[in-house]
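>>> I'll drop the sequence and a predicted model, then ask my questions.
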Amino acid sequence: MTEVIETQEAPAAATNRYGVPAILLHWTSVALIVFVGALGLCFGLIPRSSRLFWINIHAVVGLAVLILAVLRIVWRLRHGAPDYPEGTPALTRRLSGPAHWLLYALMVVLPLVGIVAYVWHARVFDFGLFKVNFGIASNKPVYEAAEEIHEFLAFSLFGLAGLHGLAALWHRFVRKDGLMERMLPWGRA
Ligand code: HEM
Ligand code: HEM
């Protein structure tokens, strides 16, 4: 019985890195955002005949980003974030919280505005097995305004996420303080 207790991981080891659900949700959302964002930037290059197909793919995968973001926020509110590694600069401590919450906000608001741009353009969600049609008449002033806001929010997300990724790499390769390992599946506690 005592042997079992001795081989168990110390509880403290679990508190200085993100849990498996947070890590899975983080990297899956990153991959989906890169895909959806790149697709959005390519709309102008796609021939008219297949553009509607790809806008639907963009919308459906974008909805997945929204669902994952909501799950991540719920997980984050329930579990908090791990403590910073010792010696983390005051500036990092002060900036990272607001920056992370701004990223979460963009991951929710950007798809929501995309839904407005999509639905008020009388577009139908095609999920393969079934379709969802809100039956709202096309309204140019609404969908054009929503597209503008969606574009602005998308570039804001790309900019902030780019800075955030660079900051993580700086911790990994310059400071080597173990901060990035907290979010890597193979990182050590
Ligand atoms: C994280 C998720 C998303 C990202 C990163 C993203 C990104 C983008 C980008 C970069 C564009 C091109 C903007 C431009 O240069 O004009 C775009 C356009 C668009 N997106 Fe999204 N988007 C996301 C989610 C969604 C969702 C969930 C919907 C709808 C349900 C949506 C609907 C649209 C529509 C309707 C357009 C305009 C397409 C057109 O030109 O007709 N997006 N998006
Ligand atoms: C679309 C791109 C990205 C988004 C939306 C995003 C979003 C987020 C968010 C919201 C958090 C906060 C987690 C929390 O405390 O609840 C986070 C943490 C983190 N992200 Fe990202 N991320 C992105 C890309 C990246 C990239 C490219 C890297 C690495 C090169 C990265 C590395 C990290 C690390 C290391 C943490 C943990 C930070 C800490 O321990 O304080 N992220 N990310």
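Cool, got the structure. Ligands and ions are numbered 1, 2, ... in the order given.

>>> near ligand 2, which residues of the chain show up?
For the chain, the residues in contact with ligand 2 (C-beta under 6 Å from any ligand atom) are 26, 30, 33, 76, 81, 96, 100, 103-104, 107, 161, 164-165, 168-169, 179-180, 182-183. Quick note: C-beta positions are derived from backbone N, CA and C, even for glycine.

>>> flag the shaky bits of this structure, pLDDT-wise.
Within the chain, the stretches with pLDDT under 70 are 1-15, 187-189.

>>> secondary structure element for the residue nearest the centre of the chain?
Of all residues in the chain, the one closest to the mean position by C-alpha atoms, centre = their mean is Ser29, 4.3 Å from it. For Ser29, the host element (DSSP states H and E) is helix 20-42.

>>> what residues does this structure put near ligand 1?
33, 36-37, 40-41, 43, 55, 58-59, 62-63, 65, 110-111, 114-115, 117-118, 147, 150-151, 154, 157.

>>> among those residues, which ones are in helices?
Under the assignment DSSP state H, the residues of the chain next to ligand 1 contribute 33, 36-37, 40-41, 55, 58-59, 62-63, 65, 110-111, 114-115, 117-118, 147, 150-151, 154, 157 to helices.

>>> buried members of these into ChimeraX, please.
Command for ChimeraX, covering only those of those found buried under the criterion 16 or more other C-beta atoms under 10 Å:
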select :33,36,37,40,55,58,59,62,63,65,110,111,114,115,117,118,147,150,151,154,157
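
>>> any idea how far Trp186 is from the residue nearest to Leu39 when sequence neighbours are not counted?
Excluding the flanking residues, the one nearest Leu39 by C-beta to C-beta, 6 or more residues apart in numbering is His58, at 4.9 Å. Computed as C-beta to C-beta, to the nearest Å, the His58 to Trp186 distance reads 32 Å.
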